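Novice: build me a structure from this.
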Amino acid sequence: MAFKKKEECPKPPAWLTSFSDLMSLLLTFFILIYAMSSLDVAQIEKFISYFQPDRKSFIKKNSILEPINPPPKEVALKIKRRIQKVLPPWAFQIVITADFVKLRLFDKVFFENGSYRLTPKAQETLKEIAQVLKKLPERSFVRVEGHVSPLVEIKDPLIKDKWELSLRRATEVVRFLQAQGVDPKKLSAAGFGDIKPLYTWKQPILMERNNRVEIYINLSKAKE
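Specialist: A predicted model of the protein is given here:
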């Protein structure tokens, strides 16, 4: 006598399979919609404020993330595009690191011979640089450093030595940038005399290029 094998589990109805697939697709769809959505913090805070006892006291707007500073390379390219319209290629250098941009401006074009006074070409260049500096975030700051060559001849009777000449040059650049609208809280000046030469070879052209102003644009953190 043959016995019919008893089924362990009854088969589910056919419609249940289709229903399960539909639920999975809907879940995937809503997850996709949520992932693509953007969070408007201001609107949410305004909505929540309607449920506060005093509707006039709105919640202070907060930022979820700290403002992102522009990358140094982007700032360097903006400066280069502006100043290369004014200065020849040999009159400036741009150095880029992970935290700052360093702009070197050389004496032959930038200052009157043996003094701290800016040339018309230098003033035109600083006007272009100021347009970029004014748009930097509040956390950034700019330090201007003056350097002179060991062979420099001081021709201004009011300048005592190379230290003073380098500082006056840096200060003159800072004052001009401030006059163009750059926030003075972001600016500082320093003079190093002839103790930090770029070139130490006894070659007149290279020694002359030690006369320079360097502008450090720090984008990593606020000044301590």
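
Novice: show me what the helix or strand containing Ile79 is packed against.
Specialist: Using DSSP states H and E, Ile79 falls within helix 72-83. Under the contact definition 3 or more CB pairs under 8 Å, 6 or more residues apart in numbering; DSSP states H and E, helix 72-83 sits against strand 92-96, strand 100-106, helix 120-133. Where C-beta positions appear, they are placed from N, C-alpha and C, glycine not excepted.

Novice: okay, now Lys121: neighbour count?
Specialist: By other CB atoms under 10 Å, 14 other residues sit near Lys121.

Novice: Arg139 now?
Specialist: The tally of other residues near Arg139 (other CB under 10 Å) stands at 15.

Novice: what's the pLDDT at it?
Specialist: On the pLDDT scale, Arg139 is placed at 84.

Novice: quick one: what helix or strand has it in it?
Specialist: Using DSSP H and E, no helix or strand contains Arg139.

Novice: got the buried residues for stretch 88-107?
Specialist: The neighbour-count check on stretch 88-107 (16 or more other CB atoms under 10 Å) flags Ala91, Phe92, Ile94, Phe100, Val101, Lys102, Leu103, Arg104, Leu105, Phe106, Asp107 as buried.

Novice: which one of the residues you listed is nearest Leu198?
Specialist: Nearest to Leu198 among the buried residues of stretch 88-107 is Arg104, at 7.9 Å by CB to CB.

Novice: is that closest one in a bridge, and if so with what?
Specialist: Taking DSSP bridges as the rule, Arg104 bridges to Gln93, Glu214.

Novice: please apply the same query to Arg143.
Specialist: In this entry, Arg143 is beta-bridged to Ser188, Tyr216, by DSSP bridges.

Novice: before we move on, back to that, and the angle from the helix holding Ile79 to strand 92-96?
Specialist: Angle, helix 72-83 to strand 92-96, by axes from the mean of the first three to the mean of the last three CA atoms, to 10 degrees: 170 degrees.

Novice: circling back to that earlier point, looking at the helices and strands packed on helix 72-83, spot the one closest to Arg143.
Specialist: Closest approach to Arg143 among the helices and strands packed on helix 72-83 (CB to CB): strand 100-106, 9.0 Å.
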